[in-house]
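[1] The following comprises the amino acid sequence and a computationally predicted model.
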Amino acid sequence: MSWHVLGIRHHGPGCARSLLTALDEIKPDVIVMEGPADAEEILAQASHEQMKPPVAMLLYPPDEPRRGVYYPLAEFSPEWQALQWALRNKITMRLMDLPQTMQLADVEEEEGDEENKEKENKGKEEGGDEEPHWRADPIAVLAEAAGFVDHELWWEQQVERRDNATGLFQAILEAMSAVRQEYPEASDRDLLREAHMRQVLRGVRKELFPNIVIICGAYHAPVLTGEAIDSIPIKDDAARLKGLPKTKTLATWIPWSHSRLSFRSGYGAGMHSPGWYSHVWRARDAAAMHFITGAARLLRGADLDASSASVIESLRLADALAAIRDLRSPGLNELNEAILTVLCHGNTSPLKLIHDRLEVGDVIGEVPDDSASVPIARDLEQQQKTLRLKRTTEIKILDLDLRKENDLNRSALFHRLDLLGIAWATLQPQQMAASSTFHEYWQLAWKPEMAVEIIDANLWGSTIEQAAANKTIDAANKANDVAVLSQLLNKVLLAQLDVVVPVILSLVQNRAAASADVQQLMQAVPALTRIARYSDVRQTQADQVLPILEGLLARIFVGLHPACSSLDDDAARQMTGNMDGVQQSLELLQRQDLLDTWLAQLQLLMNNDVHGLLRGRCCRILLDKGRLVDEEFHRVCRLALSTVNEPSVVAAWATGLLQGSGMVLLHQDELWRILDRWLIELPETTFIEMIPLLRRAFADFTGPERMAMGEKVKHLDSATSSSKKTNAPEKPNINLDRARLVLPVFKHILGIEKD
C-alpha cells in the first residue's frame, strides 16, 4: 500500500500546479482531502459545466442559516484542481475534516453554556489563562528562520514560484515536522480536527486501496503520515472525539467572488490578491506582462495616459527590480512599484483602481441552476432573469423610471429585498431628492454572503413576495410605535405588497387610538403624508391613508399645547424636530385647511409660557409663511430679547428663530438691531457664557449666509444713522458773513476770477 501526504497552502497557484504534477505521477486510487466530511455528497456537482469558480461550499444549520460556514475555492486553489482531477479521472475522493455537524454544535453549546463562561471568567480573575491558546504560525516561523521579514514573500518565493515540483511536498513535510517539534502544542480545535482526520484515514486504509493520496494543509501533514497514524493509539483519538455534540446541517454550492476570498471561514484561509494569483495561475511565466498590460487598459478606460512605450518600460523596470532583489521573476511588489513609477508618474491615486479591479478583481463565480438551493433563491434567480438584472460585485448606479413597467417591477423587488434585510440594492435618497418623484436611484453590489441571507429569508416564505409580506406582518405585530408602523406602511407600498396594506393600516389605527404620546404621533405624519401625496406614482390607494392621517393631525392639534409644556432642553429639541416634520408634511400635502389650523396652533404656542426654543421656532415658521406682520414680529422680538429675561432663555429663543434659511432673516433690520442691543447690554461674564450658545445657533447657516449676516451687523450702526439723517434732515449751522470773506481768496485759488 502506497501512502502519500501532500501538504499544500490553501489558494496557492504554485501549490495547485505542483499538486497536479504530483497526481499525474502518483496516479492514486483514492484521494482523501481536507474538507468537512458532511460536504462530501455535493462534490460531484463540481463537474457540472455551469460550475465556474470562484465558488464556495456552504454548510449551515437549517434553522439558523446565518451561522453557516463557507469553504471558498478559486480556480487556482489546490483543492479545486485536485477535485477536478479526481472527477476527470473518475477517482474516488473523500473529505476527512471534522464535520460541521460537530463544529457548529460545539460552538452552539459553548455560546449557550453561561455557567462555563462564569467559571472561565472566575478562573481569569484568580490568575488563570487570560488568552486562549493559539498554535504558532508555521510559515512565519520558517520565514523568520530564513531571514525574511515578509512571511508571505518567503512562501511565494520558495513554493508558489518554484519551476520544478520534484521533492516539493517532501520538503514541505520535513519543514513542518521541524516546526511542530519546536512548537509541539496545537490548538484544541486542531487536535480535534486531526483526530477525526486520522480516524477517516484508518477507515480508508481498511478498504485496501493500493495507492492513497492525502491532501491537507501543510501544518497537518506531519501527523497524517502512515508512521504518525500507527504511533497514535486509536483509543486516544476515539476518546477525544467521544461525546461531541451534533446538529443537523445542509450543504450546497454558492457563487463566490475574488473580493471575498480574503474572508476567513471554514478552514480559515484567506488571501489579499486573488486577481494577481489568477494571473499567476493562467499566464504562469507571462503573468507580469499580462498584469501590466491589464493595468494600462484600466488606466486608459479611466481616460489616463498609458502608452505602449510606458507598458514596455514598466515591464523592464519590474524585471530590473527583481534582478536587484535576486528574485526569479517580478512579484506583485515589483509590479506595483514599476506601475507607480512609470504608468502612474508617482501618483498613488490610480493604484487604488488597479488594486480593486486587477489585483483583487471583481470576478464572481457561477453554480448550476439545479444545485441544491432553497425555493426563495430560485425565485430570486428567476426574477433577476425576467427583469434583466445581472449579479456583479462591481458597484453600479441604476436609474429607474417608475413610469416604465420593468423599472417599476425592479423597484418593487429592491424594496422587498430591503424588507428582508438583503442589501443587494441600496436606495440613494440624496440623488432621488434632487430629481423627480418618478425616478429612483439604486446602488447595486452583489456580495456572495448574501446567499446566507437568502436562505435565512426562506424561513418566511418560498418566494420573495411571500417572505417579505410575512416578515413585515410579523414586525408590524411586534411594533407598538405608530411612527414605526407608518414607516413600515410606506415601505410596504413601495414594495407593492398589497396583501399587507390592510393589516398595517388597521394596526396604525389601533395604535394611534391607544397612544397618548403626541410626539410619537407627530413622527408618524411624514411617512403617511408621503404615501397620501405620491400615491399616484405607485398606483396605490391614497383614500385608505388620508382618513388615518387626518385623524392623527386632529389629535396632534388638540394635544400640542399640553405636550409642549414643562420640557427640558433635550425634549424641546426633539419637539422642534417633530414640529418641522409636521410643517413640511402639511406643505407637501397641500391641504390649506389643515395648514391654517396648524399655524393657528403655532400662533397660540408662540405667545405661551413654553420653552424658548419652541417659541422661537413657532415664530420662525409663522414668519416664513407670512403670518407675522412687521409690527407683530417686532413686538415679539422685543419681548423675547428683553434684558429682564434669563440669558439662557433668550439664547434658546434665538436658536429656534435662526433655524432654517438665513435669507429671510437678512431683511429683518429691526430683529438685528434688537439682537445687537441685547448683546451690548449683557454683563461681561454673561456675554462670555452666551458665546458658545450663539455660535451653535448660527452653525447651520451656509458660509455665504454667515458672511452676509456679518456684513449686516457690521454696517448696522451706519445704516441706522443714515436712516435717521434721511428721515429728519438738519440745516447746516453756517456763519454767512464770515463765509463771504473767504470767497475772494477761494476764487483766486481756483482761478475762477482774476484781479
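    Here it is on my side, so go on. Residues are numbered from 1 along each chain as shown.
[2] pretty sure residue 694 contacts residue 654?
    Yes: look at residue 694 against residue 654 with Cβ atoms under 8 Å: they come within range, at 7.0 Å. C-betas here are computed from N, CA, C, even on glycine.
[3] who has more neighbours, these two?
    Each of residue 694 and residue 654 has its neighbours counted (other Cβ atoms under 10 Å); residue 654 has more, 24 against 17.
[4] any idea how far residue 202 is from residue 226?
    From residue 202 across to residue 226, the span is 11 Å (Cβ to Cβ, to the nearest Å).
[5] So for the two, which residue has more residues nearby?
    The neighbour count for residue 202 versus residue 226, taken as other Cβ under 10 Å, is higher for residue 226 (16 against 13).
[6] Secondary structure element for residue 442, which one?
    Here residue 442 sits within strand 439-444, counting by DSSP states H and E.
[7] Mind listing residues that contact the next helix or strand after that strand?
    Sequence-wise, the next helix or strand downstream of strand 439-444 (DSSP H and E) is helix 450-457. Residues outside helix 450-457 that contact it (Cβ atoms under 8 Å, 6 or more residues apart in numbering): 58, 60, 65-66, 68, 254-255, 374, 376-377, 380, 420-424, 464, 467, 471.
[8] Likewise for stretch 411-420?
    Residues contacting stretch 411-420 (Cβ under 8 Å, 6+ apart): 383, 387, 389, 400, 402, 423-425, 427, 440, 442, 453, 457, 460, 464-465, 467-468, 471-472, 491-492, 494-497.
[9] Can you point out the buried residues in it?
    Residues of stretch 411-420 classed as buried under the neighbour-count rule (16 or more other Cβ atoms under 10 Å) are 411-420.
[10] now those as a markdown table including distance to residue 342 and pLDDT?
    Below are these laid out as a markdown table (distance: Cβ to Cβ, whole Å; pLDDT from 0 to 100):
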| residue | distance to residue 342 | pLDDT |
| --- | --- | --- |
| 411 | 46 | 90 |
| 412 | 50 | 90 |
| 413 | 46 | 93 |
| 414 | 43 | 93 |
| 415 | 48 | 92 |
| 416 | 49 | 92 |
| 417 | 45 | 93 |
| 418 | 45 | 91 |
| 419 | 50 | 92 |
| 420 | 48 | 91 |
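[11] how far away is residue 293 from residue 308?
    Residue 293 is 9 Å from residue 308, by Cβ to Cβ.
[12] err, residue 571, not the other one
    For residue 571, the distance to residue 308 - Cβ to Cβ - is 69 Å.
[13] Pick out whichever of those two has more residues nearby.
    residue 571 (16 against 9).
[14] What strand or helix carries that one?
    Residue-wise, residue 571 maps onto helix 569-589 under DSSP H and E.
[15] Report the buried residues of that helix.
    571-573, 575-576, 578-583, 585-586, 589.
[16] which strands and helices sit next to that helix?
    With contacts taken as 3 or more Cβ pairs under 8 Å, 6 or more residues apart in numbering; DSSP states H and E, helix 569-589 sits against helix 518-533, helix 546-564, helix 592-606, helix 612-624, helix 647-658.
[17] what about residue 96, which SS state?
    strand (DSSP: H, G, I helix; E, B strand; the rest coil).
[18] Could you find the closest non-adjacent residue to residue 12?
    In space, and not counting its chain neighbours, residue 12 is closest to residue 160: 5.6 Å by Cβ to Cβ, 6 or more residues apart in numbering.
[19] does the one you found really touch residue 281, like I thought?
    No: in this structure, residue 160 is not within contact of residue 281 by Cβ under 8 Å, at 9.9 Å.
[20] Distance check, the closest residue to residue 375 other than its chain neighbours against residue 326.
    In this structure, residue 375 finds its nearest non-sequential neighbour in residue 462, 3.9 Å apart by Cβ to Cβ, 6+ apart. Counting by Cβ to Cβ, the separation of residue 462 from residue 326 is 61 Å.
[21] same question, residue 168
    Note on residue 168: its distance to residue 326, by Cβ to Cβ, is 21 Å.
[22] Compare those two and say which is more crowded by neighbours.
    residue 168 (21 against 7).
[23] any idea how far residue 278 lies from residue 290?
    Distance from residue 278 to residue 290, by Cβ to Cβ: 10 Å.
[24] Looking at those two, which has the bigger crowd around it?
    More crowded of residue 278 and residue 290, by other Cβ under 10 Å: residue 278, with 23 against 16.
[25] I'd say the more buried one and residue 74 touch.
    Yes: with contact defined as Cβ under 8 Å, residue 278 and residue 74 form a contacting pair (7.2 Å).
[26] Overlap of the contact sets of those two?
    Common neighbours of residue 278 and residue 74 (criterion: Cβ under 8 Å, 6+ apart): residue 258.
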